[in-house]
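In: show me how the following folds:
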Amino acid sequence: MAEFSMSMACSVRQWIVQVDYPNATHSWLYGINTAGTLVGSFSKLNVVKGFKLYNGKYMVIKFPMRWPYAEAINDNGVVVGSLLDGTLYHGFTWQNGAYRRLTIPTTRYGTVLTDVNNAGVIVGNHLSADWAFDLSTRTALSPISCTPAEKRDCGGINGNGLISGQIYFSQTNTLGYTAVC
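Out: Now for the predicted structure:
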């Protein structure tokens, strides 16, 4: 991992740490928890895999399907993300080697999980009806409705259940939103 500095537009100097999965062609980071554990994906030899990075040690997150994208990790070590089976995205949770697939029935293109808070509430996107949702292991799937929006995406959730995302009224008219879970 190499360190370098970057001058931001607001004249504040920030330190950035470069993270490259060993011998990978590409590395992507998507999530971090309060302990500093990072999750992301890397590609090597045209294969994408998920990984977890803590204290300089990489751990491959193994899945029974190809193309995993590890999107977020909470303080309990629960990782959420998406897998592509060639035609359909499936959401997944992973913790300590235990894997669970979460796919919304009747979805045309799949399910993408984008974040999980410490209470275990998961948020993500249903890719056929273009609606965002929140999901807990204790409750049923609950759509986030934003009428008269054409489409909405969900990006994150905090410990208080506040959800953030993007609303698309049209291709040229979008707006960020927050909603309480």
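In: give the buried residues for stretch 43-50.
Out: Of the residues in stretch 43-50, 48-50 count as buried by neighbour count, 16 or more other C-beta atoms under 10 Å. In short, each C-beta sits where N, CA and C put it, glycine included.
In: pLDDT and secondary structure added to those residues, as TSV?
Out: Shown next, in TSV, are those (pLDDT from 0 to 100; DSSP: H, G, I helix; E, B strand; the rest coil):
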residue	pLDDT	secondary structure
48	88	strand
49	90	strand
50	92	strand
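In: need those residues in a markdown table (columns: distance to residue 92).
Out: Shown next, in a markdown table, are the buried residues of stretch 43-50 (distance: C-beta to C-beta, whole Å):
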| residue | distance to residue 92 |
| --- | --- |
| 48 | 14 |
| 49 | 13 |
| 50 | 9 |
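In: for the most centrally placed residue in the chain, give me its contacts.
Out: Centroid-nearest residue in the chain, with C-alpha atoms, centre = their mean: residue 71, separated by 2.5 Å. By C-beta atoms under 8 Å, 6 or more residues apart in numbering, the contact list for residue 71 reads 30-31, 39, 80-82, 112-115.
In: repeat that with 10 Å
Out: 28, 30-31, 39-41, 50, 79-82, 91-92, 112-116, 124, 155-156 (C-beta atoms under 10 Å, 6 or more residues apart in numbering).
In: any idea how far the helix or strand that contains residue 58 is from the chain center?
Out: Residue 58 belongs to strand 57-61 when elements are defined using DSSP states H and E. Computed by C-alpha atoms, centre = their mean, to the nearest Å, the chain-centroid distance of strand 57-61 equals 17 Å.
In: that strand - contacts with which helices or strands?
Out: Counting contacts by 3 or more C-beta pairs under 10 Å, 6 or more residues apart in numbering; DSSP states H and E, strand 57-61 packs against strand 38-44, strand 47-54, strand 68-73, strand 89-95.
In: what residues sit buried inside the helix or strand just after the shortest one?
Out: Right, strand 68-73. As assigned by DSSP H and E, the chain's next helix or strand after strand 68-73 is strand 79-84. Buried residues in strand 79-84, counted by 16+ other C-beta under 10 Å: 79-84.
In: can you list the strands that strand 79-84 pairs with?
Out: Note on strand 79-84: by DSSP bridges, its sheet partners are strand 68-73 (antiparallel), strand 89-95 (antiparallel).
In: orientation of that strand relative to strand 47-54 in degrees?
Out: With axes from the mean of the first three to the mean of the last three C-alpha atoms, to 10 degrees defining the directions, strand 79-84 sits at 170 degrees from strand 47-54.
In: report the rounded mean pLDDT for strand 79-84.
Out: Mean per-residue pLDDT for strand 79-84: 90.
In: quick check: end-to-end length of stretch 88-105?
Out: 12 Å (C-alpha to C-alpha, to the nearest Å).
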